[in-house]
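1. The following block contains a protein sequence and its predicted model.
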Amino acid sequence: MPGSPESSLIHARGLTKRFGSFTAVDGVDFDVAPGEAFGFLGPNGAGKTSTMRMIGCVSPVTDGTLTVRGLDPRTDGPEIRARLGVVPQQDTLDTELTVRENLVLYGRYFGLPRAECGRRADELLGFAQLTERQNDEVEPLSGGMKRRLTIARALINQPDLLLLDEPTTGLDPQARHLLWDRLYRLKQRGVTLVLTTHYMDEAEQLCDRLVVMDKAKIVAEGSPRQLIDRYSTREVTELRFGPGVQERLDGQLDGLADRIEHLADRVLLYADDGEAVAVAAHERGLNPETVLVRRSTLEDVFLRLTGRSLVE
Amino acid sequence: MTLPLRVAPPLMFGSLRAFRLIERNLYVYRHGWIVIVSGFFEPLFYLLSIGFGLGQLVGTVPGPGGTEIPYQLFIAPALLASSSMNGAVTEATLNFFFKLKYQKTFESILSTPLSTADIALGELGWALIRGALYTGGFLVVMVALGLGVSAWLLLTLPAALLISFAFGAVGMAATSFMRTWQDFDLIQLVVLPMFLFSGTFYPLDAYPEPVRLLVQLTPLYHGVDLVRSLAVGVVGPSTVVHAAYLTVMGVLGLLIVSRRLDKLLLR
Ligand SMILES: Nc1ncnc2c1ncn2[C@@H]1O[C@H](COP(=O)(O)OP(=O)(O)O)[C@@H](O)[C@H]1O
Ligand SMILES: [Mg+2]
């Protein structure tokens, strides 16, 4: 893997986090280049948050090397954090302050002059589409609004590196798309995005490059396209059978596709031409209740790498 | 671990970033200033009821150095010291616990350049500012009632702040070990007897020797005697001992809080 503490914005080698005897992050290596959108894709408990907290200098590194902008989180925490934007997994908005005050005071924590904080707060309220709610309490805001406010808050110090831990988990589709749009704009402005997610569509939408994390380890690395090309076929044919039928198929699907995965409720057949697989299955006299031919996604990559689905 | 090293410098030399926490509290209390004003009246009501009510019956009592002083003058500094303790303890226990356990405010602040030591300093600084407001108000009332007999009275303000500092820091340290709201009954179990028995309402001569020695070990005794000797104008070596006791107590408390905040918030 290329990358060095000098050329990479974030550089990790053998990065490890232990809680007592439990290893949450087990010797991971990765590099994040300036300007890219980099993702950690993995199921709950994979160690994504633990990794992000170490990068954000709010969790001591147990072992290995980690540098952010060439600085060491152990000794240069305040300096690193001064140029970092952080969107934690759980919203940590200040419930004793109004929407606008949350932004202004956060700017003050970074040592910005009061007038500048006000100016940036107004601009960010617009960016987060919260201008109308600026004098409201934080608590009654919807989940999507709170998330947008958290992102706006993370931008008050005009960071060139933004850490987003599951930015859209728990949001409805409309709120997610609005957020994705905002993140996409930031990326276009040259802000480096580092995000975690367990949604493969989010990873595909936002990430130039990502690592797949499972059980504290990184199991694959590449762009979404590369990962799909490397670990999956172009298309997937999903067959759903009536109750009990799938269990009695034994061997009838053999040879239909490059690879076959049996899930609890359906069978996935991996081949470059999904339509042909569907036809062939029909010719063998199989009568699935539904047939779906689709393109491979990161979900398929994850299944291939770990034998499990991304979202339980 | 290198944690103590990392924490010590900002604590020893004071980080200006801690002021941002005070600014935050000013924002919060801008909406709730009435809470602050109410804290001013409690010691005043005590002074009026006990000081002047009982004062009629008691007349004079032996003050610092053994000189007879009016009971009002005996009790006013003690109420000042106790209210400094109470104000700081309330801020450092209940309010601090709420922020620590239920609000994510500190967590979000730690993603900025501020450190746990800044948070400890800033929150304590806020408790001191509140304390100073009450003390200042109380002193004005004392002077208005003719209880200000000594130029040393001016020094009771920093003395009261020292009491707030000591109890605030130790209170925060204790709070960092608390798990539930019930645990705070323990704090009341310590604070209330101190308030009642630290020579607040009557001279320590009332106690048999062993009890007197025990009381003299408690922090509020040092606070009360410090403020009282300043208010009466009888200053001596014991005044310095009191101040030193409270200073050491506060610094130890702060060191513990910073270490504990590291453990609780930077996992
Ligand atoms: N403070 C902690 N103490 C003990 N275990 C923890 C702590 N934080 C996380 N873990 C454990 O570490 C593992 C990885 O957690 P996390 O990094 O939050 O994963 P993810 O963000 O990918 O869901 C989980 O098994 C979690 O229970
Ligand atoms: Mg997580």
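-> Alright, I've got the coordinates. Ligands and ions are numbered 1, 2, ... in the order given.
2. Mind jotting down where the strands sit in the chain?
-> Assuming you mean chain A. All strands of chain A, identified by DSSP state E, fall at A:10-19, A:22-32, A:37-41, A:63-68, A:84-87, A:161-165, A:192-197, A:209-214, A:217-222, A:235-240, A:259-262, A:267-271, A:290-295.
3. Let me rephrase: I mean chain B.
-> Assigned by DSSP E, the strands in chain B fall at B:60-62, B:68-70.
4. I'd like to know which of the strands of chain A is closest to B:Glu107.
-> Between B:Glu107 and these, the tightest spacing by CB to CB is seen for strand A:84-87, at 9.9 Å. (Each C-beta comes from the backbone N, C-alpha and C, glycine too.)
5. helices or strands up against the closest one?
-> helix A:143-154, strand A:161-165 (3 or more CB pairs under 8 Å, 6 or more residues apart in numbering or on different chains; DSSP states H and E).
6. Return the list of strands paired to that strand, each annotated with direction.
-> strand A:161-165 (parallel) (DSSP bridges).
7. hang on, B:Pro43 packs against B:Leu79?
-> Yes: between B:Pro43 and B:Leu79 there is a contact at 4.6 Å, judged by CB atoms under 8 Å.
8. and of the strands of chain B, who's closest to ligand 1?
-> Of all these, strand B:60-62 sits nearest to ligand 1, with 56.0 Å by CB to the nearest ligand atom.
9. avg pLDDT for stretch A:120-135?
-> Stretch A:120-135 shows a mean pLDDT of 96.
10. Quickly list what's touching both of B:Pro43 and B:Leu79.
-> Taking CB atoms under 8 Å, 6 or more residues apart in numbering or on different chains as the criterion, B:Pro43 and B:Leu79 both touch B:Phe138.
11. Roughly how far does the residue nearest to A:Ser8 when sequence neighbours are not counted sit from A:Leu227?
-> Excluding the flanking residues, the one nearest A:Ser8 by CB to CB, 6 or more residues apart in numbering or on different chains is A:Asp31, at 4.1 Å. Distance of A:Asp31 to A:Leu227, given as CB to CB, to the nearest Å: 17 Å.
12. what about the two, which has more around it?
-> Legend: neighbour count by other CB atoms under 10 Å in any protein chain shown for A:Asp31 and A:Leu227, higher for A:Leu227 (27 against 20).
13. how about that one, what does it touch?
-> Residues in contact with A:Leu227 (CB under 8 Å, 6+ apart) are A:Leu210, A:Val212, A:Ala220, A:Leu298, A:Val301.
14. got a list of what the residue nearest to the first one when sequence neighbours are not counted touches?
-> With sequence-adjacent residues excluded and distances taken as CB to CB, 6+ apart, A:Leu210 is closest to A:Gly39, at 3.6 Å. By CB under 8 Å, 6+ apart, A:Gly39 lies in contact with A:Val194, A:Leu195, A:Thr196, A:Thr197, A:Ala203, A:Leu206, A:Cys207, A:Arg209, A:Leu210, A:Val211.
15. Tell me the bridge partners for the fourth one.
-> Which is A:Thr197. A:Leu41.
16. Contact residues of the stretch 151-267 of chain B facing chain A?
-> Within the stretch 151-267 of chain B, the positions adjacent to chain A are B:Leu265, B:Leu266, B:Arg267 by CB under 8 Å from any CB of the partner chain.
17. Am I right that the last one is in contact with A:Ser59?
-> Yep, that's B:Arg267 we're talking about. Yes: if you go by CB under 8 Å, B:Arg267 and A:Ser59 touch, sitting 6.0 Å apart.
18. of the two, who's got more company?
-> With neighbours defined as other CB under 10 Å, B:Arg267 and A:Ser59 compare such that A:Ser59 has more, 21 against 12.
19. what's that one in contact with, if anything?
-> Here A:Ser59 is in contact with A:Lys17, A:Ser50, A:Arg53, B:Leu266, B:Arg267 (CB under 8 Å, 6+ apart).
20. any idea how far it is from A:Val194?
-> A:Ser59 is 15 Å from A:Val194, where distance means CB to CB.
21. From A:Ala24, how far out is the residue of the stretch 201-312 of chain A found nearest ligand 2?
-> The stretch 201-312 of chain A approaches ligand 2 most closely through A:Met213 (10.3 Å), counting by CB to the ion. For A:Met213, the distance to A:Ala24 (CB to CB) stands at 11 Å.
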